[in-house]
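J.: Structure for this input, please:
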Amino acid sequence: MTTQTMIAIPLTDTLYQRIQTLCTGLHQAKPSLSQEAGHLMSEVACQIVDEVFLTLVQRFQQASDSPTYQDSIKTIEEVKAVMRKYLSWAIGLFSNERLSPVADYYQSIIHPAVVRGRAAPYLVFALPANVAQAAHQSLEDLQQRRVPNAVAAIEGLIQVIDVGIDQLLKEPKRLLKFNLVVDKTLNGVINMTTSMSYKSLRKLGAHLEQPLFDPLVEHLQAFLVQQSDLKAI
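T.: Numbers count the residues shown, from 1 in each chain. Next up is the predicted model:
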C-alpha cells in the first residue's frame, strides 16, 4: 500500500512559537493583533522562499560564477519584498475575530515532527498523485542523466509550487473573504510574483550545468516525503 507524497518545509522554532502565541491571542479579548499577524505571515512566506529557493541558488552560486544565479537571487529578493509589503497590508485590514480562522488554518498545517532525522516544526501539505509522480520522475531522470538539462525538473517544481500557492496563499485568502478591490489587488500580486519566479526558474533550468544536477536533486528531494516518514514529536 503506497502512502501519499507530502511537501514538508521546516520552519524555525521561533516562528512556530510566534504562530502559537498569535493563535492564542486572536481568540482572546486582546487589542488588535492584525499588524503582528500580517508581519508574521509574511515572514513565514519569506522563510519558505529562503528554505526552498534561496539556499539552493546560493549553493549554485558558490560552485559557479554564472550571472544566471545572481539574477535568480535578485528575483527572489524582489519577490520577498513584494510579499512583505502586500501580505502585511492586506492582513492588517482585519480584526482579531476575522483573522482567527486563518491563524487556525496555518496552525493546522504546521506539525512538530522528525523527518529523515531532522526535528523541526514542518509546514506540510499533500501533493496530488499526478504532481508527485511527475516530480519524482523528473528528479530521477536528472539523477540518472537521462536528460540534457533541468527543464523538466523545473516544470515539475512549478507544478508543486502551484499546489503550494493554493494551500498557503489562496486558501487563507478565501477564508478572509476580502472585498473586491483588495482581492483583485492580491490576485495581481500573486500573479506578478509567480510570473517573475517561474521565469527565473525556467532560465535556471535551461542553463544549469550538469555537475549541479545532483545538488538540485538532493535539495528538492529533501522536501518530498511520504506521509509515513513524518514522525510526530
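
J.: Any buried residues in the helix with the most length in the chain, and which?
T.: For the chain, the helix with the greatest residue count under DSSP state H is helix 180-207. Within helix 180-207, the residues that count as buried by 16 or more other C-beta atoms under 10 Å are 186, 189-190, 193-194, 197-198, 200-201, 204-205. Every residue, glycine included, has its C-beta placed from N, CA and C.

J.: Stretch 99-112 now?
T.: Taking 16+ other C-beta under 10 Å as the criterion, stretch 99-112 shows 99-100, 102-103, 106, 110-111 as buried.

J.: give the contact list for S66.
T.: Counting by C-beta atoms under 8 Å, 6 or more residues apart in numbering, S66 touches 60, 207, 209.

J.: ok, which stretches of this protein are strands?
T.: 5-10, 110-115, 118-126, 224-226, 231-232 (DSSP state E).

J.: Just put these in CSV and tack on mean pLDDT and distance to I73.
T.: Shown next, in CSV, are these (pLDDT from 0 to 100; distance: least, C-beta to C-beta, whole Å):
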stretch, mean pLDDT, distance to I73
strand 5-10, 94, 19
strand 110-115, 92, 27
strand 118-126, 94, 23
strand 224-226, 92, 24
strand 231-232, 86, 34
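
J.: Next, count neighbours for the nearest residue to D104 once chain neighbours are set aside.
T.: Distance criterion C-beta to C-beta, 6 or more residues apart in numbering; nearest residue to D104, sequence neighbours excluded, is C23 at 6.3 Å. If you count neighbours by other C-beta atoms under 10 Å, C23 ends up with 19.

J.: Look up how far N96 lies from C23.
T.: From C23 over to N96 the distance is 11 Å, taken as C-beta to C-beta, to the nearest Å.

J.: hang on, isn't C46 packed against A81?
T.: No: look at C46 against A81 with C-beta atoms under 8 Å: they stay out of range, at 9.2 Å.

J.: what pairs with the least confident helix or strand in the chain by mean pLDDT, and is each one parallel or antiparallel?
T.: Sorted by mean pLDDT, DSSP states H and E, the helices and strands of the chain end with strand 231-232, the least confident at a mean of 86. Paired strands of strand 231-232, with direction, are strand 110-115 (antiparallel) (DSSP bridges).
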